[in-house]
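Novice: coordinates only, sequence not included:
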Ligand code: DI6
Ligand code: FE
């Protein structure tokens, strides 16, 4: 990734999101010195003029807010087809689980995704990615899971990686082959899990196409034993694990994820105190996905008060997918996390920066504005950080900086 020349961001009011800091700790206009793609140092004061040596690029933030680049740590950005008709069906009262049992839902997206080639998947994903970029995203996690054969899962992961060639964005990929039982394995879930563990995971590792493995641990997904087999295989191959857990019911998938030192347990509407205690004994992040909660008209909220009580880091992500969260806007998810789940705007911002970075295993290098961290930043034309969670649909991004380079306006779409 291109690092560009040394860069100074002057007149930046910094919202650093440094761990341990309480409150926004909004700085006075300061200068962020960037070198080799990293934050080199931060100097307080507004005395910095545009008078640097020629080889130092200067960007004047004009007193605007600067936050870490936003991180969407849970998406299903790559897919073909639409589920608008399934949406209509659900509005008429047919539940999501029922549609899945009838072979619709995830499997209808699997059929469409299998029919598309890698380049078509890239084409289809770019407008969604542009939506995320417009909302200030600089890093995105993308899962497979609509292929469910070795070749189709590989095709999805390659399409995800291709996106970095078309936009200024960092992509992290996750293998979600255990998302649904493909039709050719109907009635034989354990054989499919064998195939995932013995064929798909080793090949994806060999091709270095994913850094973590996810499982949909649910009655319409895979049970706890099957989930553990996938986690075991992933761990044996040196991959990190994460889980779609406790979304529609409680199967104790979160505790299992924590036991496997998982990166994150995601959804967690049905999580109980036992599961939260397991999280407290681990480094696993709790990822909240308010878009899916809203779109499924779920009424059971994740146990936010208990998560706070046990000091579990909470990330917020879009879950961008065609069935349960067709929303390509991360600040909108911050808004929903506040209005639907009761997060404070500060918690929501931490959820898409510091804690989202931890959920990607990048907590020591991204998601905070401090020395030696990656220089992934957003300059916002707002005057207070709470505004990021507040008004939506207005382009608030003045500029994005990725790996120490100001992205071209076109790349800010
Ligand atoms: N939970 C979700 O919310 C998405 N996947 C999952 O395991 C939904 C995927 C879909 O309906 O296409
Ligand atoms: Fe998901």
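Specialist: Here it is on my side, so go on. Everything quoted here is computed from the prediction, not taken from an experiment. Ligands and ions are numbered 1, 2, ... in the order given.
Novice: Residues in contact with stretch 148-157: which ones?
Specialist: Applying Cβ atoms under 8 Å, 6 or more residues apart in numbering, the contact partners of stretch 148-157 are 78, 110, 113-114, 117-118, 121, 144-147, 173, 175, 177, 179-180, 182, 199-200, 203-204, 207, 209-210. Heads up, the C-betas are built off the backbone N, CA and C, glycines and all.
Novice: let me fix that: stretch 366-375
Specialist: Residues contacting stretch 366-375 (Cβ under 8 Å, 6+ apart): 7, 14-19, 32, 34, 37-42, 66-69, 71, 139, 353-358, 360, 365, 376-377, 401, 403-404.
Novice: Give me the buried entries from the residues you listed.
Specialist: By neighbour count, with 16 or more other Cβ atoms under 10 Å, the contacts of stretch 366-375 hold 7, 14-17, 32, 34, 37-40, 42, 66-69, 71, 139, 353-358, 360, 376-377, 401, 403-404 as buried.
Novice: and those, which of them are in strands?
Specialist: The strands, defined by DSSP state E, take in 7, 14, 32, 34, 38-40, 42, 66-68, 71, 139, 377, 401 from the buried ones among the contacts of stretch 366-375.
Novice: How about the contacts made by the closest residue to residue 257 other than its chain neighbours?
Specialist: Take residue 257 and drop its neighbours on the chain: the residue closest to it by Cβ to Cβ, 6 or more residues apart in numbering is residue 243, 4.1 Å away. The contact partners of residue 243, by Cβ under 8 Å, 6+ apart, come to 214, 215, 217, 227, 253, 254, 256, 257, 262, 264, 265, 266.
Novice: cool, residue 62 as well?
Specialist: residue 11.
Novice: where's it relative to residue 360, distance?
Specialist: 31 Å (Cβ to Cβ, to the nearest Å).
Novice: Over to residue 344?
Specialist: Residue 344 is 23 Å from residue 360, by Cβ to Cβ.
Novice: mean confidence for stretch 390-406?
Specialist: Taken as a whole, stretch 390-406 has a mean pLDDT of 96.
Novice: so how many other residues sit close to the closest residue to ligand 1 within the stretch 51-200 of the chain?
Specialist: Closest residue of the stretch 51-200 of the chain to ligand 1, Cβ to the nearest ligand atom: residue 106 (4.4 Å). Using other Cβ atoms under 10 Å, residue 106 is surrounded by 27 other residues.
Novice: swap in residue 211?
Specialist: Residues within reach of residue 211, counting by other Cβ under 10 Å, total 17.
Novice: distance of it from residue 360?
Specialist: Applying Cβ to Cβ to residue 211 and residue 360 gives a distance of 9 Å.
Novice: shared neighbours, these two?
Specialist: With Cβ under 8 Å, 6+ apart, residue 211 and residue 360 have common neighbours residue 172.
Novice: Now do the same contact list for the residue at minimal distance from the centre of the chain.
Specialist: Among the residues of the chain, residue 73 comes closest to the average C-alpha position under Cα atoms, centre = their mean, at 1.7 Å. Shown in contact with residue 73 (Cβ under 8 Å, 6+ apart): 141, 264, 285, 287, 315, 317, 356, 357, 359, 360.
Novice: how close does it sit to residue 178?
Specialist: Residue 73 is 19 Å from residue 178, by Cβ to Cβ.
Novice: Equivalent analysis for residue 390, please.
Specialist: 38 Å.
Novice: Can you read off the pLDDT for the one residue in the stretch 301-413 of the chain that gets nearest to ligand 1?
Specialist: Closest residue of the stretch 301-413 of the chain to ligand 1, Cβ to the nearest ligand atom: residue 323 (2.3 Å). On the pLDDT scale, residue 323 is placed at 97.
Novice: Verify the stated contact: it with residue 106.
Specialist: Yes - using Cβ atoms under 8 Å, residue 323 is in contact with residue 106, at 6.3 Å.
Novice: just the helices in the stretch 151-300 of the chain please.
Specialist: 189-195, 201-206, 224-236, 253-259, 273-280, 290-295 (DSSP state H, counting those that start in this stretch).
Novice: and of these, who's closest to residue 311?
Specialist: Evaluated over these, closeness to residue 311 peaks at helix 273-280, with 7.2 Å, by Cβ to Cβ.
Novice: other SSEs contacting the closest one?
Specialist: The helices and strands touching helix 273-280, judged by 3 or more Cβ pairs under 8 Å, 6 or more residues apart in numbering; DSSP states H and E, are helix 253-259, helix 304-309.
Novice: cutoff 10 Å now
Specialist: With contacts taken as 3 or more Cβ pairs under 10 Å, 6 or more residues apart in numbering; DSSP states H and E, helix 273-280 sits against helix 253-259, strand 264-267, strand 285-288, helix 304-309.
Novice: Reformat the ones you listed into CSV and put distance to residue 278, mean neighbour count and mean pLDDT next to each item.
Specialist: As requested, those are exported to CSV (distance: least, Cβ to Cβ, whole Å; neighbours: other Cβ atoms under 10 Å; pLDDT from 0 to 100):
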stretch, distance to residue 278, mean neighbour count, mean pLDDT
helix 253-259, 4, 26, 98
strand 264-267, 9, 30, 98
strand 285-288, 11, 29, 98
helix 304-309, 12, 15, 98
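Novice: wait, which of these is closest to residue 100?
Specialist: That would be strand 264-267 among these, by Cβ to Cβ, at 15.3 Å.
Novice: who does residue 58 bridge with?
Specialist: Here residue 58 sits in beta bridges with residue 8, going by DSSP bridges.
Novice: change the start of the numbering to 21 and stick with it
Specialist: In the new numbering, first residue 21, that becomes residue 78.
Novice: per-residue confidence for it?
Specialist: pLDDT, residue 78: 95.
Novice: sorry, back to before: beta-bridge partners for the residue nearest to residue 277, please?
Specialist: The partner residues for residue 263, given DSSP bridges, come to residue 235, residue 285.
Novice: Tell me the spacing between it and residue 132.
Specialist: Counting by Cβ to Cβ - residue 263 and residue 132 are separated by 25 Å.
Novice: Check residue 340 too.
Specialist: From residue 340 to residue 132 the distance is 16 Å (Cβ to Cβ).
Novice: Repeat that for residue 352.
Specialist: For residue 352 relative to residue 132 (Cβ to Cβ), the value is 25 Å.
Novice: what's the answer for residue 346, then?
Specialist: 14 Å.
Novice: Cool, thanks, talk later.
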